[in-house]
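Trainee: the following comprises the amino acid sequence and a computationally predicted model.
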Amino acid sequence: MEYKTIIEPFRIHTVEAIDLPDLKQREAALKRSGYNLFGLRADEVIIDLLTDSGTGAMSAEQWAGMMRGDETYAGSRSFFRFEETVTSITGFDHVIPTHQGRAAEKILFSVAVESGDVVPNNTHFDTTRANVEYQGAEARDMVIPGGTDPATILPFKGNMDVEKLRATIQEVGVDRVPLVMITVTNNSGGGQPVSMANIRDVRSVCDEYGIPLFLDACRFAENAWFIKTREDGYADTTPREIAREMFSLVDGTTMSAKKDGLSNIGGFLAMNNARWAQEARNLLILTEGFPTYGGLAGYDLEAIAIGLNEVLDENYLRYRIRSTEYLATTINAGGMPIMLPAGGHAVYLDAAALLPHIPSYEYPAQSLAIELYRAGGVRGVEIGTVMFGRVDPHGGPDDPATMELVRLAIPRRTYTQSHIDYVAEVVIDVATRSEDLRGYRIIEQASWLRHFTARLEPL
Ligand code: F0G
C-alpha cells in the first residue's frame, strides 16, 4: 500500500523555542514598530515567513561538515570541496565564492555591464535590479503575458517572453545588451518556475546575437523539480540531471546559497568566460576576500557543499514543493485569493482581490500583512505599493505597484505541518473578516527602499 501523506523526510535533532506573545503584546509591538513588520524582534513573532533566505535548518551532516571547516587563508581544503561540488552540479570552469547572492551580482555586473546598457530578465529580484541600475544600466523585466496576473494558471508562469526579448535586442541594439538573465524560480513573479524549453528558446535568441546568458539560480533545485513533474520528457530524469541540463544551456550563474544551498549564508558566481572570471576574482579580492574563501569562513564553504547535494534529493524536493502547495490550496479553499498556481518557496496572497475596499494608496497588502501578525503572530512581507509604489512629487496619492501581494515564504526544513496548519487557520480567519480591515497611511519614509524603515498609522 502506498500511503498518500507526504511526510517531512527528516526528524528533529535540535529544537529552538518559539516565543508566544499574546494579542496585547503583538498590538504593542505593532505600535512600537510603526506598523512595519521589519521593525519586529524575532521574539515577537510566532511563525516567521518573512523570507526563505538563510532561515532554513541545516542537517546533522552539514553541522558535522562545519567541524571539518578548513580556515586556511589561501588554498583551503574546504574551498576545493566546495568548488568540486559546484562544478559537478553546474559544469562551469570558474567558481568564485561570495558572501551572498548580491555580492555575486555586484561583481558580475561590475565586470560585464556598462552605463547605458540594458539587461533583460524574466523578473529581476530587487537586489539584482538595484545592482544593474547601480552600473547606470537599465533592468528590464519580460516575463510572459499571464506571468503577472495572479489568477492565470500556467505550468511555467515564470517563463521569459522570447519575442519581447528579441524585440528588445533589436530596439536597443545588440551592443547595448551585455547579457541576458533568467531567474529560477521567478521569485518576484510568485516563485513560478521556468521550463527547460524556455531556457533553450532564450538560449537560441542569445546565440543568434552572440549575447551571454546567465541564470540567477537561487532556487535551481525547486525549479528542477517543477520541470521533472510538469514538463514532458523529464519524469524519469533526476533533479541533478535536470539541473545539469539547465546550467549547460547558460554561460554562467549567480547564486545565493541561502536558498537552495540550504545554508545560512553564502553564494557564488560561476562561469565559463576566463577573462570575465579573472576580472571578477580581482574585484573579489578588493571587496570580498581571497578567491578561495570569498568572504566566507571555511566552515561555511563546507555547509554549502553539503547543502547543494542534499537539496537535490528527490524526497526532500517532493516534500518541499508539496508543503508549499498544501498551504496554498488550504487557504485558497478557505477563501483567501492567492497567486496561482502555488510557487516553490512561498505562497503569495492577493490583497487587491481580498480587499477591494482599500485603494492601493492606502496599502491593502500592508494592511493584510499587519492583520496576519496582529491576529496570529504570523509575519509575511508586503510586496505591493509600500515596496514598489512611487511617491507623487506633488503630494498626491502614490503611483501603485502592479500587484498587491503578501508573500508567505517558507523556510526550508524548519516548520512542521502543524505550524503550517496554524498559519492556514490564521489566514482563513483573516480572510473571513476581510471587510473589517482598514487602510494605512505612511507618516515617515526614506527616499529609497522605504519599505524597510517606513512608519505607518491606521486610518
Ligand atoms: N536573486 C533572487 C531571485 C533572490 O530571491 C535573492 C534574495 C537574491 C538574488 C539575492 O541573494 O539575499 O543572498 O544577496 N532573496 C531573498 C528573499 C532576500 O527574501 O527573497 P542574497
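Mentor: Structure received.
Trainee: the residue in the stretch 351-459 of the chain positioned nearest to the ligand bridge partners, please.
Mentor: The nearest approach of the stretch 351-459 of the chain to the ligand comes at Ala409, 6.1 Å away (Cβ to the nearest ligand atom). Quick note: C-beta positions are derived from backbone N, CA and C, even for glycine. Listed by DSSP bridges, the beta-bridge partners for Ala409 are Ala346.
Trainee: which parts of the stretch 201-350 of the chain are strands?
Mentor: Using DSSP state E, counting those that start in this stretch, the strands of the stretch 201-350 of the chain run over 213-216, 252-256, 267-271, 346-350.
Trainee: okay, those in TSV with mean pLDDT and distance to the ligand next?
Mentor: Output for the strands of the stretch 201-350 of the chain, formatted as TSV (pLDDT from 0 to 100; distance: least, Cβ to the nearest ligand atom, whole Å):
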stretch	mean pLDDT	distance to the ligand
strand 213-216	98	5
strand 252-256	98	3
strand 267-271	98	5
strand 346-350	97	8
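Trainee: need those in a markdown table (columns: mean neighbour count).
Mentor: A markdown table is the format used below for these (neighbours: other Cβ atoms under 10 Å):
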| stretch | mean neighbour count |
| --- | --- |
| strand 213-216 | 24 |
| strand 252-256 | 28 |
| strand 267-271 | 28 |
| strand 346-350 | 27 |
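Trainee: Val205 is in contact with Leu165, isn't it?
Mentor: Yes. Val205 sits in contact with Leu165 when judged by Cβ atoms under 8 Å, with a separation of 5.6 Å.
Trainee: return the residues of the stretch 151-300 of the chain in contact with the ligand.
Mentor: Residues of the stretch 151-300 of the chain lying close to the ligand (Cβ under 6 Å from any ligand atom) are Thr183, Asn187, Asp216, Cys218, Ser256, Lys258, Gly267.
Trainee: so the fifth one makes contact with Asp52?
Mentor: What that stands for is Ser256. No. Using Cβ under 8 Å, Ser256 makes no contact with Asp52, being 10.4 Å away.
Trainee: now do the same contact list for Gln25.
Mentor: Counting by Cβ atoms under 8 Å, 6 or more residues apart in numbering, Gln25 makes contact with Glu44.
Trainee: buried stuff in whatever helix or strand it lives in?
Mentor: For Gln25, the host element (DSSP states H and E) is helix 23-32. Neighbour counts over helix 23-32 (16 or more other Cβ atoms under 10 Å) mark Arg26, Ala29, Leu30 as buried.
Trainee: would you turn those residues into a markdown table with pLDDT and distance to Leu312?
Mentor: Shown next, in a markdown table, are the buried residues of helix 23-32 (pLDDT from 0 to 100; distance: Cβ to Cβ, whole Å):
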| residue | pLDDT | distance to Leu312 |
| --- | --- | --- |
| Arg26 | 98 | 39 |
| Ala29 | 98 | 39 |
| Leu30 | 98 | 41 |
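Trainee: and which of the residues you listed is nearest Phe82?
Mentor: Closest to Phe82 out of the buried residues of helix 23-32 is Ala29 (39.7 Å), distances taken as Cβ to Cβ.
Trainee: what distance do you get for the closest residue to that closest one other than its chain neighbours to Ala130?
Mentor: Leaving aside its sequence neighbours, Ala29 sits nearest to Glu44 (Cβ to Cβ, 6 or more residues apart in numbering; 4.4 Å). To Ala130, Glu44 is 29 Å away according to Cβ to Cβ, to the nearest Å.
Trainee: who has more neighbours out of the two?
Mentor: The neighbour comparison of Glu44 against Ala130 (other Cβ atoms under 10 Å) goes to Glu44, with 21 against 16.
Trainee: for the more buried one, grab phi and psi.
Mentor: Here is the backbone geometry of Glu44 (degrees, to the nearest 10): phi -100, psi 0.
Trainee: looking at this structure, what residue ends up closest to the ligand?
Mentor: For the chain, Cβ to the nearest ligand atom, closest residue to the ligand: Gly101, 2.6 Å.
Trainee: returning to what we had before: and Val205 and Leu165? Which one has more around it.
Mentor: Ranked by neighbour count (other Cβ under 10 Å), Val205 and Leu165 place Leu165 first, with 23 against 19.
Trainee: Provide the secondary structure category for the more buried one.
Mentor: helix (DSSP: H, G, I helix; E, B strand; the rest coil).
Trainee: please enumerate the shared neighbours of Val205 and Leu165.
Mentor: The contact sets of Val205 and Leu165 overlap at Val180 (Cβ under 8 Å, 6+ apart).
Trainee: can you list contacts of stretch 66-73?
Mentor: Taking Cβ under 8 Å, 6+ apart as the rule, stretch 66-73 contacts 76-79, 290, 292-293, 297-303.
Trainee: same thing but at 6 Å, please
Mentor: Contact with stretch 66-73 is made by Ser76, Arg77, Ser78, Gly298, Tyr299, Glu302, Ala303, as judged by Cβ atoms under 6 Å, 6 or more residues apart in numbering.
Trainee: would you check that the third one makes contact with Ala297?
Mentor: No. Taking Cβ atoms under 6 Å as the contact criterion, Ser78 and Ala297 are not neighbours in contact, 8.5 Å apart.
Trainee: tell me the contacts of Gly380?
Mentor: Neighbours of Gly380 in contact, by Cβ under 6 Å, 6+ apart: Leu49, Ala369, Leu372, Val406, Arg407, Leu408.
Trainee: got the contact list for the first one?
Mentor: Leu49 makes contact with Gly380, Leu408, Ala409, according to Cβ under 6 Å, 6+ apart.
Trainee: so what pLDDT did it get?
Mentor: On pLDDT, Leu49 comes in at 98.
Trainee: measure it to Val406 for me?
Mentor: 9 Å.
Trainee: cool, Gly69 as well?
Mentor: Counting by Cβ to Cβ - Gly69 and Val406 are separated by 38 Å.
Trainee: these two: who's more crowded?
Mentor: Val406 (31 against 19).
Trainee: tell me the contacts of the more buried one?
Mentor: Contacts of Val406 (Cβ under 6 Å, 6+ apart): Leu349, Ala351, Ala365, Leu368, Ala369, Gly380, Glu382.
Trainee: neighbours of the second one, how many?
Mentor: Counted with other Cβ under 10 Å, the neighbours of Ala351 add up to 29.
Trainee: show me what contacts it?
Mentor: Here Ala351 is in contact with Pro364, Ala365, Leu368, Glu404, Val406 (criterion: Cβ under 6 Å, 6+ apart).
Trainee: is there a neighbour count for Asp141? I'd like the number.
Mentor: Asp141 has 20 nearby residues by other Cβ under 10 Å.
Trainee: what about Ser78 and Ala297, which has more around it?
Mentor: Ser78 (27 against 17).
Trainee: alright, I will stop here.
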